[in-house]
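>>> Next one to model:
(one chain, ligands or ions: 2)
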Amino acid sequence: MIACVIHGAKDLRVQEQSDPQPGAGEVVVRFGAGGICGSDLHYYFEGGIGDVKIKEPMIVGHEVAGEVVAVGSEVRRTKPGDRVAVNPTRACLQCPECLSGHANLCRNVLFFGSASSLPHVPGAFASLFLASEKQCVPVPPKMSFRVAASAEPLAVALHAVAQCGPLLGKAVLVTGSGPIGILVSAAAHLAGASRVTVTDLFDEPLQVALRMGAEEVVNVKSQPDLLAEFGRDRGQFDAVFEASGNARALENCITSVRPAGRIVQIGIMPAGNAAAPINRIMAKELKLIGSFRFYDEFEWAVDLLAANRIDLTPIFSAEYPFSRAIEAFELASDRHRAVKVSLVAG
Ligand SMILES: [Zn+2]
Ligand SMILES: [Zn+2]
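Residues are numbered from 1 along each chain as shown. Ligands and ions are numbered 1, 2, ... in the order given. Okay, here's the model as predicted:
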């Protein structure tokens with residue numbers, strides 16, 4: 001089989017590896033499609049994310065779907081030929097976090113394509129990859145693998161909305177119009193938000209946010225007076241989602257949310273760049289809520305996609321085979337030209 005292996009910053013190699021053999025509760029999945037995520041790009045461009053550096057070659061990729069081709073002796077729920085979206089989270093389901101319903105915070109988690117433990121957990125940008133039976137969620141025959149692979153970022157967005165609490169009738173601001181910000185805006189509508197505004201520094205991804213249903217988009221660089229308007233009367237929004245990983249954006253969130261409102265932090269801040277104005281959070285009695293990955297929301301995401309409750313067409317930018325993975329990663333980092341770039345089998 002072939003795999004996309006990151007060796008260090010700007011050193012991504014498509015190389016042959018031996019075929020994986022399933023353990024008792026595992027399945028072998030033949031890669032159908034995979035989305036390139038911001039974290040994959042950090043590994044590619046910087047050789048790590050924040051303080052986590054790659055210490056050994058690692059297969060990247062965690063937004064994937066494909067077809068089951070072999071199963072271990074104890075597998076009961078899936079069989080060869082099943083089309084599946086694959087949850088990249090392998091939680092232990094035994095630690096205190098898992099047992100209290102927070103498997104996304106599992107202390108023993110193995111997450112595809114992550115260098116935060118040693119040995120690194122292999123990712124799934126490989127023509128064949130292993131998953132536990134529990135990670136595999138069947139998808140309808142009609143659903144494309146590219147859409148099925150998007151259950152992962154959609155699950156991130158659903159978890160953020162769930163963390164926020166009720167949005168029925170609320171005015172929502174999302175800072176950052178990358179794939180996660182755009183999906184949060186769509187998920188906020190599903191949760192009943194009456195109006196969603198999305199901000200970014202680039203016009204092209206904001207146009208995609210509009211096509212995905214946002215009522216209003218604002219380029220904070222070219223439309224600073226609109227941004228200033230967000231803070232009128234101590235804040236215009238009931239809830240805000242910070243999806244850009246930018247400290248300035250978080251400050252804007254604090255200004256833009258009404259007193260007693262809620263801020264959900266989803267974006268990852270660069271190390272040492274996240275000094276929140278704590279006194280303003282205190283004085284407005286804001287609720288600052290973290291949101292990290294997802295767990296049950298992965299199945300919700302598959303259900304929503306299967307029922308056509310959300311149309312992802314606007315976010316898809318281009319598809320590339322593994323042999324052109326470097327081109328795909330380069331394009332995925334160009335915010336003028338791409339929102340979600342996919343790798344596909346072949
Ligand atoms: Zn991702
Ligand atoms: Zn656990």
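>>> Enumerate the residues of the protein near ligand 2.
For the chain, the residues in contact with ligand 2 (CB under 5 Å from the ion) are 91, 92, 95, 98, 106, 108. Using the backbone N, CA and C atoms, a C-beta is placed for each residue, glycine as well.
>>> and residue 175, what does it touch?
Shown in contact with residue 175 (CB atoms under 8 Å, 6 or more residues apart in numbering): 181, 198-200, 240-244, 246, 249-250, 252-253, 267.
>>> List the backbone torsions phi and psi for it.
With angles defined as degrees, to the nearest 10, residue 175 sits at phi -100, psi 120.
>>> Who is it paired with across the strands?
residue 199, residue 242 (DSSP bridges).
>>> now it: how far from residue 327?
30 Å (CB to CB, to the nearest Å).
>>> Residue 134 now?
The gap separating residue 134 from residue 327 is 34 Å, by CB to CB.
>>> What residue in the stretch 101-250 of the chain comes nearest to ligand 2?
Nearest residue of the stretch 101-250 of the chain to ligand 2 (CB to the ion) works out as residue 106 at 3.1 Å.
>>> which residues does the spatially closest residue to that residue that is not a sequence neighbour contact?
With CB to CB, 6 or more residues apart in numbering as the criterion, residue 106 has its nearest non-adjacent residue at 3.9 Å, and that residue is residue 91. Residue 91 makes contacts with 98, 103, 104, 106, 108, 109, 295, as judged by CB under 8 Å, 6+ apart.
>>> ok, now which ones touch the residue nearest to the fifth one when sequence neighbours are not counted?
Spatial nearest neighbour of residue 108, chain neighbours left out: residue 92 (4.0 Å); criterion: CB to CB, 6+ apart. By CB under 8 Å, 6+ apart, the residues touching residue 92 are 98, 106, 107, 108, 109.
>>> For burial, what's the neighbour tally of residue 14?
Residue 14 is flanked by 16 other residues according to other CB atoms under 10 Å.
>>> and residue 152, which of the three is it?
helix (DSSP: H, G, I helix; E, B strand; the rest coil).
>>> State the distance from the residue nearest to it when sequence neighbours are not counted to residue 263.
Using CB to CB, 6+ apart and skipping residues adjacent in sequence, the residue nearest residue 152 is residue 63, 4.1 Å away. According to CB to CB, residue 63 stands 26 Å off from residue 263.
>>> Compare these two (neighbour count), which wins?
Legend: neighbour count by other CB under 10 Å for residue 63 and residue 263, higher for residue 63 (33 against 24).
>>> you'd agree that one is up against residue 148?
No - counting by CB atoms under 8 Å, residue 63 sits too far from residue 148 to count as a contact (9.7 Å).
>>> circling back to that earlier point, for the residue nearest to residue 106, phi and psi?
phi -90, psi 150.
>>> Helix, strand, or coil at the residue in the stretch 151-300 of the chain that ligand 2 sits nearest to?
Proximity of the stretch 151-300 of the chain to ligand 2 (CB to the ion) peaks at residue 295, 10.2 Å away. At residue 295 the chain is in coil, as set by three-state DSSP.
>>> Tell me the pLDDT of it.
Residue-level confidence at residue 295 comes out at 94, pLDDT.
>>> Wait, it touches residue 111, no?
No - judged on CB under 8 Å, residue 295 makes no contact with residue 111 at a distance of 11.4 Å.
>>> any idea how far residue 76 is from the residue nearest to residue 108?
For residue 92, the distance to residue 76 - CB to CB - is 20 Å.
>>> ok, now residue 48?
38 Å.
>>> Give me the more crowded residue out of the two.
Neighbour count, other CB under 10 Å: between residue 48 and residue 76, residue 48 has more, with 17 against 8.
>>> Find the nearest non-adjacent residue to that one, please.
Per CB to CB, 6+ apart, closest to residue 48 is residue 54, 5.6 Å.
>>> Could I get the pLDDT score of that neighbour?
Reported pLDDT for residue 54: 95.
>>> which ones are touching it?
By CB under 8 Å, 6+ apart, the contact list for residue 54 reads 6, 7, 8, 43, 47, 48, 115, 120.
>>> In the protein, which residue is most central in space?
Centroid-nearest residue in the chain, with CA atoms, centre = their mean: residue 153, separated by 3.3 Å.
>>> Spit out the contact partners of residue 234.
Contacts of residue 234 (CB under 8 Å, 6+ apart): 258, 259, 284.
>>> Identify the residue spatially nearest to the first one, adjacent ones excluded.
Computed as CB to CB, 6+ apart, the closest residue to residue 258 that is not its neighbour in sequence is residue 235, at 4.0 Å.
>>> List the backbone torsions phi and psi for that neighbour.
Main-chain dihedrals, residue 235, degrees, to the nearest 10: phi 130, psi 140.
>>> How confident was the prediction at it?
Reading off the confidence values, residue 235 has pLDDT 97.
>>> likewise the one 5 residues further on?
Predicted confidence (pLDDT) for residue 240: 98.
>>> In contact with it, which residues?
By CB under 8 Å, 6+ apart, the contact list for residue 240 reads 172, 173, 174, 175, 253, 256, 257, 261, 262, 263, 264.
>>> Show me those residues that map onto helices.
253, 256 (DSSP state H).
>>> Out of the contacts of residue 240, who's the most crowded?
If you count neighbours using other CB under 10 Å, the busiest of the contacts of residue 240 is residue 174, which has 35 neighbours.
>>> and residue 66, how many neighbours does it have?
By the criterion of other CB under 10 Å, residue 66 has 28 neighbours.
>>> Now do the same for the nearest residue to it once chain neighbours are set aside: helix, strand or coil?
Of all residues not flanking residue 66 in the chain, residue 32 sits nearest, at 3.9 Å (CB to CB, 6+ apart). Secondary structure, three-state DSSP: residue 32 is strand.
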